[in-house]
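Undergrad: coordinates only, sequence not included:
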Ligand code: NDP
Ligand code: ZN
């Protein structure tokens with residue numbers, strides 16, 4: 001089979017590999033549509049997870065099942081499925097402790113295009129099919145379905161980590177596709193005011209539709225100064241970080257009220273340390289919590305988030321701004337994600353409708 005791979009740090013290309021083997025609990029799937037992620041760019045061009053050789057890229061898609069192992073109960077060849085970016089080993093101790101995304105090691109629930117070949121290939125392997133796949137609801141088209149692999153679950157996880165409550169004033173730093181889903185998630189959770197940080201006009205327009213009321217351009221002065229101006233010096237109850245760098249945490253701590261929470265889902269591709277400003281962190285006693293996490297994957301979450309889309313509570317159709325058709329367009333779609341033109345939110349490649 002052919003797949004689009006990271007050849008080494010900074011280099012991508014088509015390669016040929018054997019079709020993966022299907023274990024008793026597993027499934028082999030073929031993608032119907034695939035989406036490119038900012039994380040693919042971090043992985044290839046920043047080498048953020050370390051060097052990888054001939055590793056097939058991609059962790060966002062919806063798919064058709066082509067083969068299942070003899071112990072798989074709920075899926076059969078021909079089923080159309082949602083595929084989470086994170087596919088934990090559900091029998092691991094970490095999963096039993098509530099952190100399935102770290103099953104068998106930190107971040108090890110993130111297997112596609114990290115510890116094994118990803119989904120940018122004619123066929124891909126899914127471990128623990130009953131625990132990780134979800135049936136694709138008929139109301140969701142293949143382009144929207146790709147947003148459920150990672151963008152919705154990650155953006156929403158930022159909101160969960162920040163513990164957004166009714167009436168909160170929430171700062172969402174970064175309104176690429178992940179941050180947009182954080183805005184939508186904070187809105188669904190009952191935030192009273194959502195202040196969004198970003199500059200791409202297409203993202204600002206989408207963020208307004210998802211519920212953001214105030215906007216900050218991080219190029220026009222510090223985020224914290226602009227937040228204080230907007231909130232009469234009070235600061236915000238919660239911060240979701242979905243963009244920026246290791247230095248963004250300092251701004252988030254400064255913008256946060258005592259007792260507030262920061263939920264970060266940003267992938268920190270460079271820098272050795274995160275600095276926390278001592279005074280604004282209450283000289284160590286400010287009850288300002290900082291929590292960073294990889295999105296939870298698995299079937300239950302896919303089914304629940306999928307039902308939000310299928311039942312019309314969440315419209316993800318604003319996200320796929322660049323839709324391509326056919327495998328040949330995949331390199332172009334990845335290149336666009338790397339270049340991030342101003343009108344881009346998310347590139348998707350449709351293979352079969
Ligand atoms: P994008 O690059 O599309 O969006 C990043 C956003 O951050 C943009 O709004 C950008 O603004 C803004 N930004 C850039 N620099 C700064 C800065 N210095 N200060 C404040 N804001 C800034 O990324 P995605 O939405 O695709 O992904 C967001 C992050 O989430 C990525 O790091 C990605 O790898 C990570 N991720 C994490 C996952 C997890 O499970 N934890 C899963 C998936 C993704 P502008 O409008 O100017 O571009
Ligand atoms: Zn992703």
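TA: Structure received. Quantities reported herein were computed from a predicted structural model and do not represent experimental measurements. Ligands and ions are numbered 1, 2, ... in the order given.

Undergrad: OK, contacts around the residue lying closest to residue 353 once chain neighbours are set aside?
TA: Distance criterion C-beta to C-beta, 6 or more residues apart in numbering; nearest residue to residue 353, sequence neighbours excluded, is residue 142 at 6.0 Å. The way it works is simple: take the backbone N, C-alpha and C, and place the C-beta from them, glycine included. By C-beta atoms under 8 Å, 6 or more residues apart in numbering, the contact set of residue 142 is 32-33, 62, 350, 352-353.

Undergrad: determine how far the last residue of stretch 41-56 lies from the first.
TA: 13 Å (C-alpha to C-alpha, to the nearest Å).

Undergrad: quick revisit: select only the buried ones of the contacts of residue 142 in ChimeraX?
TA: A single ChimeraX command selects the buried members of the contacts of residue 142 (16 or more other C-beta atoms under 10 Å):
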select :32,33,62,350
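
Undergrad: how near is the residue nearest to residue 353 to residue 67?
TA: To residue 67, residue 142 is 20 Å away according to C-beta to C-beta, to the nearest Å.

Undergrad: so how far is residue 143 from residue 57?
TA: As judged by C-beta to C-beta, residue 57 and residue 143 stand 19 Å apart.

Undergrad: neighbour count: the two, which is higher?
TA: residue 57 (26 against 21; other C-beta atoms under 10 Å).

Undergrad: and the more buried one, what pLDDT?
TA: In this model, residue 57 is scored at 97, pLDDT.

Undergrad: show the contacting residues for it.
TA: So residue 57 contacts 4-6, 12, 40, 43-44, 113, 118, 120, 334 (C-beta under 8 Å, 6+ apart).

Undergrad: how many residues are close by the residue nearest to residue 340 when sequence neighbours are not counted?
TA: Excluding the flanking residues, the one nearest residue 340 by C-beta to C-beta, 6+ apart is residue 200, at 7.8 Å. The tally of other residues near residue 200 (other C-beta under 10 Å) stands at 17.

Undergrad: so residue 200 touches residue 243, yeah?
TA: No - with contacts counted by C-beta atoms under 8 Å, residue 200 stays clear of residue 243, the gap being 10.5 Å.

Undergrad: ligand 2 contacts on this protein?
TA: Proximity of the chain to ligand 2 (C-beta under 5 Å from the ion) is limited to residues 37, 39, 60, 150.

Undergrad: least confident of those?
TA: Model confidence across the residues of the chain next to ligand 2 bottoms out at residue 39, which has 91.

Undergrad: secondary structure element holding that residue?
TA: helix 38-45 (DSSP states H and E).

Undergrad: next structured bit after that helix?
TA: Taking DSSP H and E, what comes next after helix 38-45 is strand 55-56.

Undergrad: distance from the chain centre to that next one, please.
TA: 19 Å (C-alpha atoms, centre = their mean, to the nearest Å).
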